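Peer 1: Sequence plus the predicted model coming up.
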Amino acid sequence: MSVRGQKPETADQTVTKPVFQEERSGTGMKTRIKICGLRREEDVQAVNEAKPDFCGFVIEVPKSFRSVTASRVRELAERLDRDIQAVGVFVNAPEELAAELLNEGVIRMAQLHGQEDEAYIRRLRKLTDRPLIQAFSVRTEKDIEHALNSAADYILLDQGGGGTGKPFDWSLIHGIERPFFLAGGLSGENLESAIHKIHPYAVDLSSGVETDMWKDPVKIKNAVEIVRRT
């Protein structure tokens, strides 16, 4: 039985060293920021100038207008500032696709945003030792409990739709003792409040830094500045 908020360990799980130095969420550390859904050279230039901690590429997800091909990610990642950690966002993708991009160093983490289960994570860990983030839709407190039992290195709590600009009920988050990314409905208008109330390891923005469905350099810069001073 796992302790609330701690990542469970199983016999099949390969223990890897995460890319982050801190291992816990909480008030004693600065919240990081991830800008997700990059697809153009202009988007990469915007994050290079704003300097978020992470940026995300939605890879081979046909239903998403933010989706880019693996070859396109390789091109864009070449232009990315090395101080910014690239995260590949996958939705029920073949494990080989995520592992290939991780092992090539194109991305430094894989975010699993579909119905990937523990068996999927075990299979992926046999192919790569890079850190994994598992995303969870949060509607009830049981969803939080389910997320806390993930064997991934990090969890991401989202409202479920992915990039819709709608938050979930943040009052469901309390007492989490493992690092988590907060996503869903975040923008320059509520970032400061989210950080003060929830103390996430990192905040994850996509539609909140867009104008007319395209990444907005001004909004990206503003979001990063808010996180840095909060």
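Peer 2: Perfect, I can see it now.
Peer 1: Would you map the helices across this protein?
Peer 2: Under the criterion DSSP state H, the chain carries helices at the ranges 41-50, 70-78, 95-104, 118-125, 141-148, 191-198, 217-229.
Peer 1: in the last one, what counts as buried?
Peer 2: Buried residues in helix 217-229, defined by neighbour count with 16 or more other Cβ atoms under 10 Å: Pro217, Lys219, Ile220, Lys221, Asn222, Ala223, Val224, Ile226, Val227. Any C-beta I mention is one placed from the backbone N, CA and C, and that applies to glycine too.
Peer 1: I'd say the third one and Asn48 touch.
Peer 2: No: the pair formed by Ile220 and Asn48 falls short of the contact definition of Cβ atoms under 8 Å, at 10.4 Å.
Peer 1: mind checking which of the helices of the chain is nearest Leu172?
Peer 2: Closest to Leu172 of those, according to Cβ to Cβ: helix 141-148, at 5.4 Å.
Peer 1: Give me the distance from the closest one to the chain's centre.
Peer 2: Relative to its chain's centre, helix 141-148 lies at 17 Å (Cα atoms, centre = their mean, to the nearest Å).
Peer 1: Next, the contact list for Val68, please.
Peer 2: Leu38, Arg39, Phe57, Val58, Ile59, Leu76 (Cβ atoms under 8 Å, 6 or more residues apart in numbering).
Peer 1: whoops, Gly208 was the one
Peer 2: Per Cβ under 8 Å, 6+ apart, neighbours of Gly208: Gly165, Gly185, Leu186, Ser187, Gly188, Lys219, Ala223.
Peer 1: Next, count neighbours for the fourth one.
Peer 2: Other residues within reach of Ser187 by the criterion other Cβ atoms under 10 Å amount to 18.
Peer 1: my guess is it meets Val209, correct?
Peer 2: Yes: the criterion here is Cβ under 8 Å, and Ser187 meets it with Val209 at 7.3 Å.
Peer 1: and for these two, which residues touch both?
Peer 2: Residues touching both Ser187 and Val209 by Cβ under 8 Å, 6+ apart: Lys219, Ala223.
Peer 1: Could you report the separation of Arg123 from Ala151?
Peer 2: To Ala151, Arg123 is 12 Å away according to Cβ to Cβ, to the nearest Å.
Peer 1: and what of Glu96?
Peer 2: On the measure of Cβ to Cβ, Glu96 and Ala151 end up 19 Å apart.
Peer 1: who has more neighbours, those two?
Peer 2: Using other Cβ under 10 Å, the more surrounded residue of Glu96 and Ala151 is Ala151, with 19 against 12.
Peer 1: Okay, now the unreliable bits of this structure?
Peer 2: Residues of the chain meeting the criterion pLDDT under 70: 1-28, 160-165.
Peer 1: what ranges do the strands span in it?
Peer 2: Here the chain has its strands, by DSSP state E, at 32-36, 54-58, 85-90, 109-112, 132-137, 154-158, 180-183, 202-205, 210-211, 214-215.
Peer 1: okay if I get those strands as TSV plus mean neighbour count and distance to Ile195?
Peer 2: Listed next are the strands of the chain as TSV, based on neighbours: other Cβ atoms under 10 Å; distance: least, Cβ to Cβ, whole Å:
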stretch	mean neighbour count	distance to Ile195
strand 32-36	25	10
strand 54-58	27	16
strand 85-90	25	19
strand 109-112	27	20
strand 132-137	23	19
strand 154-158	25	14
strand 180-183	27	9
strand 202-205	27	7
strand 210-211	14	21
strand 214-215	19	22
